[in-house]
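Trainee: how would this look folded up:
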Amino acid sequence: MDRIKQAALILLGVLLVWQAVGAAFALYVPLGRRLFDPLPALGTIVAFAGGSLILSAIVTMGASWEIPISAEQNSPAAGLITSGPFRFSRNPIYLGMLVALVGWMLLIPAQLSLIILIGAILDLRYQALEEEGFLIRTYGPDYAVWAREVGRFVPWFGRLA
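Mentor: Sure, this is the predicted structure:
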């Protein structure tokens, strides 16, 4: 499964580079004229906000940040992280990635941008569900209490019952 995830990440990178080259030479298929005109200032701000959220979450995780999560590791070094951006989202890194991709879509409003965003949403949701299993096994009741209070990606949505 790790090879599939690595291949998906490489494919995402290739698609983003391909799309950037296509946009530079006006070779992409736009989503529409009026509603989806390129919004470079807004797209840049949104992408920067997503990147900032990712960085904040990684700094908050400290020694617990690991890609991918390891079954051999019984408990991440810093324990269950519930501070910083984790007070509002159980997956602020994934949320930051999605926000950054929305910014990308505002910068390059093309069909490929929308396909990349939808693919990322599906993949990151799957990854979050997989990690939740690990966290439930590792932290048990502590994780369950936190997950009932904090949404999977955005506050108040995706809380565990």
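
Trainee: only C-alpha atoms for contact and neighbour calcs from this point on.
Mentor: Will do.

Trainee: So for this protein, the centremost residue is which one?
Mentor: Y94 (2.1 Å; CA atoms, centre = their mean).

Trainee: how far is the lengthiest helix in the chain from where the chain is centred?
Mentor: In terms of residue count, the longest helix belonging to the chain (DSSP state H) is helix 111-139. Distance of helix 111-139 from the chain centroid (CA atoms, centre = their mean, to the nearest Å) equals 7 Å.

Trainee: For that helix, which helices and strands make contact with it?
Mentor: In terms of contacts (3 or more CA pairs under 8 Å, 6 or more residues apart in numbering; DSSP states H and E), helix 111-139 is packed against helix 2-24, helix 92-107, helix 141-149.

Trainee: The same query, at a cut-off of 7 Å, please.
Mentor: Secondary-structure packing of helix 111-139 (3 or more CA pairs under 7 Å, 6 or more residues apart in numbering; DSSP states H and E): helix 92-107, helix 141-149.

Trainee: which of these sits most buried?
Mentor: Stretch with highest mean neighbour count among these: helix 92-107 (a mean of 24; mean count of other CA atoms under 10 Å).

Trainee: what angle sits between that one and helix 111-139?
Mentor: Inter-element angle recorded for helix 92-107 and helix 111-139: 170 degrees (by axes from the mean of the first three to the mean of the last three CA atoms, to 10 degrees).

Trainee: Going forward, count from 41.
Mentor: Yep, numbering from 41; the last one is helix 132-147 now.

Trainee: how far does helix 132-147 sit from the chain's center?
Mentor: 7 Å.

Trainee: can you put the helices and strands packed on helix 151-179 in CSV and add mean pLDDT and distance to G102?
Mentor: Listed next are the helices and strands packed on helix 151-179 as CSV, based on pLDDT from 0 to 100; distance: least, CA to CA, whole Å:
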stretch, mean pLDDT, distance to G102
helix 132-147, 91, 13
helix 181-189, 90, 18
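
Trainee: Now the ones you listed in TSV, please, with extra columns for distance to I155.
Mentor: Shown next, in TSV, are the helices and strands packed on helix 151-179 (distance: least, CA to CA, whole Å):
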stretch	distance to I155
helix 132-147	10
helix 181-189	30
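
Trainee: Can you tell me which of those is nearest to T100?
Mentor: helix 132-147 (10.5 Å; CA to CA).
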